[in-house]
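**Q** Pasted the sequence and its predicted model underneath.
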Amino acid sequence: MQNTHLRTYVKKHPDNKMAWYLLGKEYLGEGQEAKANYCFQQAGEVYEAFERSKAPADIWVDYQEKLVEMAEQKEKKHRVRKMWLTLLMLLVLAGLPPADAPGFNRDAADALASALDSTDDTTEGGSGENGRDSSAVTHSNVFTAGTFGGGNQGEVALAAAWSGSGPKVETSAVLGMQASGNWSLWKRNMPVKYIVQTNGSGKLVAQSYDAKQCNCEPPEVSGEIKKLAQAWIVKQESAAALSSAMITYKKQNGSWPKSVAQLARPFPNNILGETAPGMNEMFPALLSLHQKGQMEQGKNTAEGTGEDLDDPQGKNAAFVDTLGGKPFLQDRLEIIVDKKQHRLALISGNTIIRNYEVGLGGDRTPEGAFVISDKVVNPNGRSNGEFGSRGMQLSDTNYAIHGTNEPNSIGLDESLGCVRMSTEDVEELFALAPQGTPVRIGKDLLPETAVVPETKDRYRYKLVPKQNNPNKTYHWLN
């Protein structure tokens, strides 16, 4: 990369010591030692800290490319700091241990904090970060999640948590999703992997709570944080169900719904099968995001939730406990059925929210793309009949996802083509997956790992009234 871009950036941001350091590295690579030494002098403690950290060379290249990209996006100043911090945190992970780990380099941490301070952007006409009054605290604890395992160590999520902390956020916690191939497994008992906090002197510190990862003995996560984390996980599931139901309504009616009540009506307009506490409070925020086209852009990563809250006390307050102020599970819910693994997964992007074992019909189970067209409670008037207590018809065909009165057939190919589920599983899926949910059936699509909560942790709330259909006898190919 030509150092012309860095020179331009340094002229506009002379207090950015990290930019001076990167420019010095460029000059040094060109053999211009005098210019390089001048830049290193301007970089001060940042030069000292990062020369000791010995970060890999490719990280510097990525960092410089992002630096130029950010400089060219002046109209998005509030995102500049987050992208800076994301890359800075990659440097931290490459060369610096956790705050409380043995051998922690305090000088390097202080230098990093100094570099972070110098990247804050302040817009005209305001005070504090992003031009807002720094006394307006949005939330004392915010949460996000990252994938750990399979080569992933949650770097992006940690960096986002770092950038999201500060005077407005006391604690940013990163929950750990298990990696399974290209999938991230969302579970009700996801552990706290990192907590980023602002200490008494105003500096940010990150504590790892994974003993293997930090090679340390981390302290216990507080009971309060654990409780808030569990509530956050449940809330994200409800938000995903509600958001997906809103998409279905828009496709069916050509306009967005005006309330949750429009989604939770008797059959056949029962887009939502069950309503959860807090949905009415979430609705205005989700509606606003959909209307602005800001959903399904984050791909369920902390990196993709970088929008700041515009009105922390208003319609977006519903997600003030989520890093970035948007729901974490932003992609529309989908169902995947893997005929080889005998698995049915409810997914959002590359995140598996549930992965159930199911019964199928072998070659009699069709492959391809479908949608949930009907959602019926107690098909044919019975909860203990051949279709169990719930049925979800696939694209007006004779195939369905339903319960069964033959639980021993789960995991086998004994149906005539339908997807059989246990009672607990099908009732939970019925509650989560709205009418209109896309369904894809094929082979080798899912991991074998089950993602099913314990009975006490099941997603099950208030059933929408009158979801039976007494006017029809279903003849699904069971």
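**A** Looks like it came in fine. Because the structure is predicted, anything quoted here is derived from the model rather than measured.
**Q** drop to CA atoms for contacts and neighbour counts, all remaining ones
**A** Noted.
**Q** Could you check how far stretch 382-402 is from the centre of its chain?
**A** 31 Å (Cα atoms, centre = their mean, to the nearest Å).
**Q** Averaging pLDDT per element, find the lowest-scoring helix or strand in the chain.
**A** Using mean pLDDT, DSSP states H and E, the weakest-scoring helix or strand in the chain turns out to be helix 106-117, at a mean of 40.
**Q** Tell me the helix or strand right after it.
**A** strand 141-149 (DSSP states H and E).
**Q** and the next helix or strand after that following strand, average pLDDT?
**A** Using DSSP H and E, the next helix or strand after strand 141-149 towards the C-terminus is strand 152-153. For strand 152-153, the mean per-residue pLDDT is 78.
**Q** what about strand 152-153, distance to the chain center?
**A** 15 Å.
**Q** same question, stretch 400-419
**A** Taking Cα atoms, centre = their mean, the mean C-alpha location of stretch 400-419 is offset from the chain mean by 32 Å.
**Q** what about it, start to end distance?
**A** One end of stretch 400-419 sits 6 Å from the other (Cα to Cα, to the nearest Å).
**Q** Any buried residues in that stretch, and which?
**A** 400-406, 409-419 (16 or more other Cα atoms under 10 Å).
**Q** repeat for stretch 214-225
**A** 214, 216, 218, 225.
**Q** Can you add secondary structure and give those residues back as JSON lines?
**A** Below are the buried residues of stretch 214-225 laid out as JSON lines (DSSP: H, G, I helix; E, B strand; the rest coil):
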{"residue": "214", "secondary structure": "helix"}
{"residue": "216", "secondary structure": "coil"}
{"residue": "218", "secondary structure": "coil"}
{"residue": "225", "secondary structure": "helix"}
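**Q** Out of those, which comes closest to residue 371?
**A** residue 225 (38.3 Å; Cα to Cα).
**Q** Name the nearest residue to residue 350, sequence neighbours excluded.
**A** Excluding the flanking residues, the one nearest residue 350 by Cα to Cα, 6 or more residues apart in numbering is residue 183, at 5.3 Å.
**Q** again, but for residue 464
**A** residue 274 is the one closest to residue 464 (Cα to Cα, 6+ apart), at 5.3 Å.
**Q** in the stretch 301-450 of the chain, which spans are strands?
**A** 333-338, 343-348, 351-357, 368-377, 390-394, 400-402, 419-420, 438-442 (DSSP state E, counting those that start in this stretch).
**Q** helices or strands up against the second one?
**A** Contact partners of strand 343-348 among helices and strands, from 3 or more Cα pairs under 8 Å, 6 or more residues apart in numbering; DSSP states H and E: strand 333-338, strand 351-357.
**Q** can you list contacts of that strand?
**A** Around strand 343-348, the neighbours that count as contacts under Cα atoms under 8 Å, 6 or more residues apart in numbering are 300, 329-338, 352-358, 429, 433, 446, 448.
**Q** Among the buried residues of stretch 214-225, show me the least confident.
**A** Checking pLDDT across those, the minimum falls on residue 214 at 72.
**Q** What separation is there between that residue and residue 208?
**A** 6 Å.
**Q** follow-up on the earlier one: could you pull up the residues touching the residue nearest to residue 464?
**A** 264, 431, 432, 460, 461, 462, 463, 464.
**Q** of those residues, closest to residue 368?
**A** Nearest to residue 368 among these, with distances taken as Cα to Cα, is residue 432, at 21.8 Å.
**Q** which one is the closest one nearest to, not counting chain neighbours?
**A** Nearest to residue 432 is residue 241, by Cα to Cα, 6+ apart, at 5.4 Å.
**Q** The one you found in helix, strand or coil?
**A** helix.
**Q** Tell me how many other residues crowd residue 469.
**A** A count of neighbours around residue 469, defined by other Cα atoms under 10 Å, yields 19.
**Q** Report the buried residues of the helix or strand encompassing residue 34.
**A** Assessed by DSSP H and E, residue 34 sits inside helix 33-43. Buried positions in helix 33-43, judged by neighbour count with 16+ other Cα under 10 Å: 35, 36, 37, 39, 40, 41, 42, 43.
**Q** Tell me how far it lies from the chain's centre.
**A** Distance, centroid of helix 33-43 to centroid of chain: 41 Å (Cα atoms, centre = their mean).
**Q** Touching that helix from outside, list them.
**A** With Cα under 8 Å, 6+ apart, helix 33-43 has contacts from 16-21, 23-28, 47.
**Q** Out of those residues, which comes closest to residue 281?
**A** residue 16 (41.3 Å).
**Q** And the closest one, how close does it get to residue 160?
**A** On the measure of Cα to Cα, residue 16 and residue 160 end up 20 Å apart.
**Q** Looking at those two, which has the bigger crowd around it?
**A** residue 160 (29 against 22).
**Q** what's the helix or strand for the more buried one?
**A** Here residue 160 sits within helix 155-164, counting by DSSP H and E.
**Q** Alpha carbons of the helix or strand just after that helix, in PDB - could you do that?
**A** For helix 155-164, the succeeding helix or strand toward the C-terminus, using DSSP H and E, is strand 171-180. The C-alpha trace of strand 171-180 is given here as PDB (Å, rounded to 0.1, in the frame of the first residue of the first chain):
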ATOM      1  CA  THR A 171     -19.700  -4.100  31.300                       C
ATOM      2  CA  SER A 172     -19.600  -5.800  27.900                       C
ATOM      3  CA  ALA A 173     -19.900  -9.500  28.100                       C
ATOM      4  CA  VAL A 174     -19.100 -12.000  25.300                       C
ATOM      5  CA  LEU A 175     -20.900 -15.400  25.500                       C
ATOM      6  CA  GLY A 176     -19.400 -18.400  23.800                       C
ATOM      7  CA  MET A 177     -21.000 -20.300  21.000                       C
ATOM      8  CA  GLN A 178     -19.500 -23.700  20.100                       C
ATOM      9  CA  ALA A 179     -18.100 -24.100  16.600                       C
ATOM     10  CA  SER A 180     -19.300 -27.100  14.500                       C
END
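**Q** returning to that earlier point: any chance of the buried residues of stretch 214-225 in JSON lines, with distance to residue 260 too?
**A** Supplementary listing: those in JSON lines, determined by distance: Cα to Cα, whole Å:
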{"residue": "214", "distance to residue 260": "44"}
{"residue": "216", "distance to residue 260": "47"}
{"residue": "218", "distance to residue 260": "43"}
{"residue": "225", "distance to residue 260": "30"}
